[in-house]
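**Student:** from the sequence below, what's the structure:
(3 chains)
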Amino acid sequence: MIFVLFGVSVIVFYLARGFPSAFSPWAQYITFRMKPSQIDAIIKQHGFDKPLYIQYWYWLQDVFHGDWGFSNWANGLPTFEVFASRFPYTVELTIAATILVMAIGIPLGILSALKNNTAADHAARIIALTGYSTPVYWFAYILQLVFFYYFYMWGLPNLPSGGVITQGLAGTVPTVTGMPILDGLIAGNLRYTGDALWHVILPAFSLAFISLGYLARIVRASMLEVLRQDYIIMARSKGLSERTVVYRHALRNALIPALTLTGLFFAGLLGGAIITETVFSWPGVGSVSLRAVFQGDSNFLLLFSLVTAFIIVVSNLVVDVMYAFLDPRIKY
Amino acid sequence: MGDRSDRKDARQSETQARIAELKYGLYLMRQNPLVLGGSILVVFFIILSATATLIVSPEKTYTFDFSQSYCWSNPIISWGPQGAACPAGTNYILGTDGFGRDLLGMMILAIPLDITIAIVIVAAATAFGVSLGAIAGWVGGKFDEAVLRITDIFFAFPGLVLALVFAALFGRTIDTLTIAVLLVWWPTYVRLTRGQVLVEKEKTYVEALRAIGVSPVRILLVHVIPNSIYPILVNSTLDIGGVILTFSALMFLGFSPSPALPELGNLASDGIGHVFTAPWLIIFPGLTILLIAISFNLIGDGLRDVLDPRLRR
Amino acid sequence: MGASEYETVLETRDLTVNFRTYRGEVKALDRVELSLFAHEVLALVGESGCGKSVTALTILGLLPQNAYVLGGEVLFKGEDLLKKSADEMRTVRAEEIAAIFQDPVTFLNPVLTIDTQLKEAFLVQKRPLSVEASEDQTENATEDHDIRKFLLKKDVPNAESAIKVSGRKNEKMAEELSKDILKLVRLADPERILTQYPHELSGGMRQRCMIAMALARRPSILIADEITTALDVTVQAQILTLLKELRDTIDASTLLITHDLSIAAETADRIVVMYAGNVVEVASTKELFRKPLHPYTQLLMKCIPDVRKPVIRLESIAGSVPDLIEPPAGCRFHPRCPFVMEICHVEKPVLKEASDDHLVHCHLY
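**Tutor:** As a prediction, this is how the structure comes out:
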């Protein structure tokens, strides 16, 4: 795992700092008013004129002291602060999306499997398929168009076009976790929580729509496989109702791979949030990372990549543990 | 000589068996209405791509007539007062973009480009990934471990990030963008192939071939890889859709070489600032991407069902 | 009480079942006729693919989707099971006909404990688990004789009507009975076994659990489909002994499906021999071994090596089992029959009585 993180950091470092003509590492530390001599001083101070591996060593040392550098384009704040202040919003979005993925994807998959090869199955499969064939950016905009603009034009209650919370309510609740929904719940402020939920629906759904197709497909395949097993024949031979056979016997076996996959989804959704956050002006880490890329901010990119890589690797481990936990045949 | 004719017989019966399997597979695919629908769509798109330049003449579509920006003249759908009316006498079924170019024409020109690039990327990723994965699985040992670790690193990058960084860095030509997307897609094939080869390696026919004295390279190329090809095929077909999505997403985010490039993501990006006033700019190119991706995914899905050894029969 | 000695509990008439596959229609069962009498053990013997398991599945109503019944009847206590609705069949499976299958590794749910799987067998019955419990509110009955009473008490008068036992009482009874029934099938330490998962038990223990699950439903008919095939020989013997012991305890008939003639010889009262979807001979065990009439049966007997004589070579039957998509015309055994006649190529024989209670499906008789 350390190796993976190391590898990720090396690759990003090389890409972000290795080509000063495209991305100048010192761009984060200068303003355009500085004289060339000042710029040179800054370059020397941060060691940007040294060979790459020495720069990497400096960076490692800095990181161990908690110093992730500065990001000039974000009001010159320390990179870590820029990241940390926005990260909870992304987490909130991702959790909401994961819940939606499970709530829609799993029943869809089960329906598909039980009504195998009927019209319902084909319809469910087309929905699932459309999910992962849809361009995220397009879908996000369509949702905005319909639910924000057209609903408004047609006089229907409309969902907000972006942002985490309505302007007027911002800051009315103490920030505990940084996630509006949770903060609102902790503070017992239902209006705040409701507003936050109202805001998260569209972005979460646009994220979720892409992935629920995958989950539905896997649940379907898994269920079909399980329903062909001998122990299902045995259960049926006991005279149990079809409902019992499906829910008590089949589902528990079929959902094991599906649930473990959800852990991986969570990690993947974090990355996919970039576009969604941009479209919905969601103040999370993803929308900001796009700007960081254009600015060539190696500091931010390194932090971002490492955090997401870490989460992905940890999710993989958690998934393995979950598997052992859910399936009594596996002993760890 | 007895040896060679024996081998020829064996190969003949092997090919016969493969043909029989193929026929069965096609039979199953015909049964599945979704796959049928997908195939029809794909064929439609491919024909469209091939004849694109015949239908739409590029010169006419590229006229920059600034007086016609963002207009809509389709009599059937009305976007309301926002859509500026096109000058009389012109007929733009799907409207125009900011440069006054006919959207439908642009889209038709963009389809071949998108599909070609997607196929190129998938072919390259498959070729490279399969080779690396096969060798890694076959040889094993330290090399295998090294390859595994490297793919682990690539898998730890969430989706677009690597492609974004690469694209931002190395400029905005179609080639660099192709490589950027390639970087994201190749590790899957390495893992897939490696897994398949590992399984095939243990099978008795490999042992038998080795006992006869067939060279390992030959075993790998002629026997093992063709037997492991099914899941890779499925993955490739599904990936074509995914690659189109990723590639157009990159264009959409602003990495296109030039605003005039007829590419579906590029066309869509034009409409970002005008979502509510000129929605057709985002809707239709996106819809086209959706349809292309759906058609390839339908086939891929159907292929997966057909080739899944447990769901057959 | 109950049925008289030769009353037919289950009967199939003219049962014909086909399977739809890619390569064609498999004619799995061809006008199968068999009768199961009360209190007897009937062995259904034949090689793999001859249709024994299909017969069992048809009786149970558990045929896969690509199978369909072309014709015939399955009469159970006078009613045709094939005409029953899915719900009715479920009740039949829950209370009247119980099945034990071959390989408990795949036939027991790996993620559920034995306790769960056993309890649901008890609780699936609509009739209350014990009349006594409702009558005198005893909740402490845990002795062995109670389980025997339980098993024999299946003719609870008006089970659906007057006596209503509360769900909770039923569940308590189920808990007690679970332990008792595991003891009945000779499993030591029932409490521990109940908490375990199937993969934690040995093959023989799993099979006993399956038998317990079948007995829990107090069936009139027990169908045992190759229950010893997946076990090694010593365990096989134990299970067969158990079955013989249970014969007296339970008030049921057993349909024992096996490919092993020796098992049939040891456990069964009567034997039905099947070949390629046809019933070819029916006789009592003694009679069959004394005087096998059908050529197939005779050849089968010859294949069993005699322990008393030195074996020079092992016998086998020439030819192979026919393809059931394109079965041979006329008698399905004729390509391999040493006594084949002209008529065998053309006309199908009829199952008729050759001597006392000894039926044969052959043109020779």
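**Student:** from now on I want contacts and neighbour counts done on CA atoms only, so please keep to that.
**Tutor:** OK.
**Student:** in three-state terms, label C:Val279 for me.
**Tutor:** strand (DSSP: H, G, I helix; E, B strand; the rest coil).
**Student:** ugh, wrong one, I meant B:Ala278
**Tutor:** When classified by three-state DSSP, B:Ala278 comes out as coil.
**Student:** distance of it from A:Phe139?
**Tutor:** The gap separating B:Ala278 from A:Phe139 is 16 Å, by CA to CA, to the nearest Å.
**Student:** equivalent analysis for C:Leu70, please.
**Tutor:** C:Leu70 is 52 Å from A:Phe139, where distance means CA to CA.
**Student:** which of the two has more residues huddled nearby?
**Tutor:** A count of neighbours by other CA atoms under 10 Å in any protein chain shown puts A:Phe139 above the other of C:Leu70 and A:Phe139, at 24 against 15.
**Student:** tell me the pLDDT at that one?
**Tutor:** Per-residue pLDDT puts A:Phe139 at 90.
**Student:** go on, B:Thr151?
**Tutor:** So, for B:Thr151, pLDDT stands at 86.
**Student:** surely it meets B:Trp185?
**Tutor:** No: shown here, B:Thr151 and B:Trp185 do not form a contact pair, counting by CA atoms under 8 Å, at 10.7 Å.
**Student:** looking at these two, which is more packed in?
**Tutor:** B:Trp185 (25 against 18).
**Student:** which residues touch the nearest residue to that one once chain neighbours are set aside?
**Tutor:** Nearest residue to B:Trp185, sequence neighbours excluded (CA to CA, 6 or more residues apart in numbering or on different chains): B:Ala125, at 6.4 Å. With contact taken as CA atoms under 8 Å, 6 or more residues apart in numbering or on different chains, B:Ala125 is in contact with B:182, B:185-186, B:189.
**Student:** and of the residues you listed, the nearest to A:Leu145?
**Tutor:** Set against A:Leu145, the nearest of the contacts of B:Ala125 by CA to CA is B:Trp185 (31.6 Å).
**Student:** C:Arg13 reaches C:Asp30, doesn't it?
**Tutor:** No: look at C:Arg13 against C:Asp30 with CA under 8 Å: they stay out of range, at 10.5 Å.
**Student:** between the two, who's got more neighbours?
**Tutor:** More neighbours surround C:Asp30 than the other of C:Arg13 and C:Asp30, with 20 against 15 (other CA under 10 Å).
**Student:** okay, now the closest residue to chain B within the stretch 251-365 of chain C: neighbour count?
**Tutor:** Closest residue of the stretch 251-365 of chain C to chain B, CA to the nearest CA: C:Ile325 (15.2 Å). By other CA under 10 Å, 16 other residues sit near C:Ile325.
**Student:** and it, that one's in a helix?
**Tutor:** No: C:Ile325: not assigned to a helix; according to three-state DSSP it is coil.
**Student:** my guess is it contacts C:Gly24. True?
**Tutor:** Yes: between C:Ile325 and C:Gly24 there is a contact under CA under 8 Å: 6.1 Å.
**Student:** what does stretch C:48-58 rub up against?
**Tutor:** For stretch C:48-58, the external contacting residues (CA under 8 Å, 6+ apart) are C:28-29, C:44-46, C:63, C:223, C:225, C:257, C:259, C:274-278.
**Student:** and it, what's buried?
**Tutor:** Within stretch C:48-58, the residues that count as buried by 16 or more other CA atoms under 10 Å in any protein chain shown are C:49-58.
**Student:** let me have those residues in a markdown table, extended by pLDDT and secondary structure.
**Tutor:** A markdown table is the format used below for the buried residues of stretch C:48-58 (pLDDT from 0 to 100; DSSP: H, G, I helix; E, B strand; the rest coil):
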| residue | pLDDT | secondary structure |
| --- | --- | --- |
| C:Gly49 | 78 | coil |
| C:Cys50 | 83 | coil |
| C:Gly51 | 84 | coil |
| C:Lys52 | 88 | helix |
| C:Ser53 | 88 | helix |
| C:Val54 | 90 | helix |
| C:Thr55 | 91 | helix |
| C:Ala56 | 90 | helix |
| C:Leu57 | 91 | helix |
| C:Thr58 | 91 | helix |
